[in-house]
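**Student:** with the sequence up front, the predicted model follows.
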Amino acid sequence: MTVYLLGFFLTNVGVGGFTLVTGLALYRQTGNASAFGFLVAIEYGLGFVGQSVGGSVLDRRGVLGVALASNTIRAVMVLVGGALLWGGFGELALIIAFLLSAFIRPIYRSASFVLARLVSPVEARPRVNALRFALLQVAQLSGMGVVAGLYAVLPVGSVVCVVGALFFVGTATIAMLRVAVHDATAVDGDAAGARVSLLENWRQLGRVLSANAGLRMHLILGALPAVITSLATVLVAPVNAAFGGKSFGVAVLDGSASLGALLAVLLVRRIGGQRSALVGVSCAIAVGALLLLAASGSLTVAGAAFLLLGIAAALGATSLDTLLQTRASAAILGRLAITQECAISLTAIALIPLSGPLTEGLGVHGTALLYGGVTVCYLLVFVLATATLRDRLFSTPADMPSVPVG
């Protein structure tokens, strides 16, 4: 498990650094901050294409091999883009590398999700999932810090090459894994899924979802942790500006959210993470945090709100991920992970672009109140789904359909 978490951490240091250095390089070339926003929008679109292919690939091929192949391709593309940029060929190579990485990223993320189940025994999964979420926040902030420091002293092409090297180190670490068979139903390249077409793989998933109402609601609720994290991310700059925090304020807000995630890890160690009630607790904490932010009058109170947002996101991710890994068979877990990624992407596309106009029109406090309403909706979905589905919400197994494949 330690090797897996170290590889996960190093890879996401690279992810955070690559996102920032691409934005810096593009801004240097165009002088227009919105150009990177347009690039991110295209990234989400390519991510959908990657999601449509990735789930089926995961369920038909060895998960470790998919993780290594996707991360190696990404590392090579980043290194080539950095070398060409360093050699004076302009930012086009870097942009192409960024967009190709956008296609691969959901495949790797879902492979990593499935690997978390394969490398950890059942009783350790909640702790591993909590650590994954906390390390994700710390790693991406670390990557941004590394790039910010290097950008001040090195050419941008050199900085990109350093980021590419981080991807390679992460991949090499993951390659040290020998997936312990804690899951007796683990599938590999010779599994039944390899004998059917890509389209049939998704038809199978459709049959599973149509027959399992609890699973459908599970995937909808599964977007909650990423929604909370996205809301915290997009609110950092306007909240900091509202309270005049400058660089110290950014550190307080980002640091509070990361600290909250780490505190959630300690909480999970004490109470366990495979508890469906934690999903409702996560929703309630997020609602309280955004209401606190809406009423805040100082950077200190805003920092406390971000701390609560970090706790809420980490608790939600731990419980929802662990419950999904437990209920789903290995033959379909990859497709379910990708479907959850798709729900996250759709929600991010719907919410993130609104942040700028909302903060300009409603101010920070009004925007926080509105986003609090979004988390109230998630809480209501959880309450209603629990009342109507009861144990079926998170306990009904998700397995391959019994319909024979023609």
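**Tutor:** Arrived safely.
**Student:** neighbours around V66, how many?
**Tutor:** Counted with other Cβ atoms under 10 Å, the neighbours of V66 add up to 24. From N, CA and C alone the C-beta is placed, and that goes for glycine too.
**Student:** oh, that last question was meant for V301, not what I typed.
**Tutor:** As a burial measure, V301 scores 14 neighbours (other Cβ under 10 Å).
**Student:** any idea how far S256 is from it?
**Tutor:** According to Cβ to Cβ, to the nearest Å, V301 and S256 sit 11 Å apart.
**Student:** check A130 too.
**Tutor:** Distance from A130 to S256, counting by Cβ to Cβ: 18 Å.
**Student:** packing partners of the lengthiest helix in the chain?
**Tutor:** Ranked by number of residues, the top helix in the chain under DSSP state H is helix 355-389. Contact partners of helix 355-389 among helices and strands, from 3 or more Cβ pairs under 8 Å, 6 or more residues apart in numbering; DSSP states H and E: helix 213-221, helix 224-242, helix 277-295.
**Student:** now that helix: buried residues?
**Tutor:** Residues 355, 358-359, 364-365, 367-369, 371-372, 374-376, 378-379, 381-382, 385-386, 389 are the ones in helix 355-389 that count as buried (16 or more other Cβ atoms under 10 Å).
**Student:** with stretch 266-286 instead?
**Tutor:** 267-268, 273-276, 278-286.
**Student:** extract the CA atoms of that stretch and return them as CSV.
**Tutor:** The C-alpha atoms that make up stretch 266-286 are tabulated as CSV, following Å, rounded to 0.1, in the frame of the first residue of the first chain:
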residue,chain,number,x,y,z
LEU,A,266,-7.3,10.8,11.3
LEU,A,267,-11.0,10.7,11.9
VAL,A,268,-11.5,7.8,9.5
ARG,A,269,-8.7,5.8,11.3
ARG,A,270,-10.8,6.1,14.5
ILE,A,271,-14.4,5.5,13.2
GLY,A,272,-13.8,3.7,9.9
GLY,A,273,-14.9,4.9,6.4
GLN,A,274,-17.2,2.2,5.2
ARG,A,275,-20.3,3.9,6.7
SER,A,276,-23.0,5.2,4.5
ALA,A,277,-24.0,7.8,7.2
LEU,A,278,-20.7,9.6,6.5
VAL,A,279,-22.1,10.6,3.1
GLY,A,280,-24.9,12.6,4.8
VAL,A,281,-22.4,13.9,7.4
SER,A,282,-20.2,15.1,4.5
CYS,A,283,-23.1,16.9,2.9
ALA,A,284,-24.1,18.6,6.2
ILE,A,285,-20.6,19.8,7.0
ALA,A,286,-20.3,21.2,3.5
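**Student:** ok, residues contacting that stretch?
**Tutor:** 125-127, 129-130, 221, 224-225, 228, 308-309, 311-313, 315-316, 318-320, 322-323, 326, 375, 378-379, 382-383, 386, 393-394 (Cβ atoms under 8 Å, 6 or more residues apart in numbering).
**Student:** the same query, at a cut-off of 7 Å, please.
**Tutor:** In this structure, residues lying in contact with stretch 266-286 by Cβ atoms under 7 Å, 6 or more residues apart in numbering are 126-127, 129-130, 221, 224, 228, 308-309, 311-312, 315-316, 318-320, 322-323, 326, 375, 378-379, 382-383, 393-394.
**Student:** only whichever of those are buried, select them in PyMOL.
**Tutor:** This is the PyMOL syntax for the buried subset of the contacts of stretch 266-286, where burial follows 16+ other Cβ under 10 Å:
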select buried, resi 126+127+129+130+221+224+228+308+309+311+312+315+316+318+319+320+322+323+326+375+378+379+382+393+394
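**Student:** elements contacting the helix or strand in which R335 is found?
**Tutor:** R335 belongs to helix 330-351 when assigned by DSSP states H and E. Where contact means 3 or more Cβ pairs under 7 Å, 6 or more residues apart in numbering; DSSP states H and E, helix 330-351 is packed against helix 33-60, helix 92-118, helix 198-210, helix 213-221, helix 224-242.
**Student:** ok, 8 Å please
**Tutor:** The criterion is 3+ Cβ pairs under 8 Å, 6+ apart, and the helices and strands that helix 330-351 contacts are helix 33-60, helix 92-118, helix 198-210, helix 213-221, helix 224-242, helix 299-327.
**Student:** in the fifth one, which residues are buried?
**Tutor:** Spelled out, that is helix 224-242. So helix 224-242, judged by 16+ other Cβ under 10 Å, has buried residues 224-240, 242.
**Student:** low-confidence ranges in the stretch 201-350 of the chain?
**Tutor:** Counting by pLDDT under 70, the low-confidence segments of the stretch 201-350 of the chain come to 272-274.
**Student:** if you set the cut-off to 80 instead, what comes out?
**Tutor:** Along the stretch 201-350 of the chain, the parts satisfying pLDDT under 80 run over 201-202, 233-234, 247, 271-275, 330-331, 344-350.
**Student:** hmm, back to that, distance to D399 added to the helices and strands packed on helix 355-389, as CSV?
**Tutor:** Compiled in CSV, the helices and strands packed on helix 355-389 are given as follows (distance: least, Cβ to Cβ, whole Å):
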stretch, distance to D399
helix 213-221, 10
helix 224-242, 25
helix 277-295, 22
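**Student:** of these, which is nearest A69?
**Tutor:** Taking Cβ to Cβ, helix 224-242 is the member of these nearest to A69, at 24.8 Å.
**Student:** distance from stretch 347-355 to the middle of the chain?
**Tutor:** Here stretch 347-355 is found 15 Å from its chain centre; the criterion is Cα atoms, centre = their mean, to the nearest Å.
**Student:** which other residues reach it?
**Tutor:** Contacts of stretch 347-355 with the rest of the structure, by Cβ under 8 Å, 6+ apart, involve 41, 44, 223, 226-227, 230-231, 234-235, 238, 367, 371, 374.
**Student:** tell me if I'm right that S256 and F306 touch.
**Tutor:** Yes. In this structure S256 lies within contact range of F306 using Cβ atoms under 8 Å: 4.1 Å.
**Student:** of the two, which one has the most company?
**Tutor:** Taking other Cβ under 10 Å, S256 and F306 do not tie; F306 has more neighbours (26 against 20).
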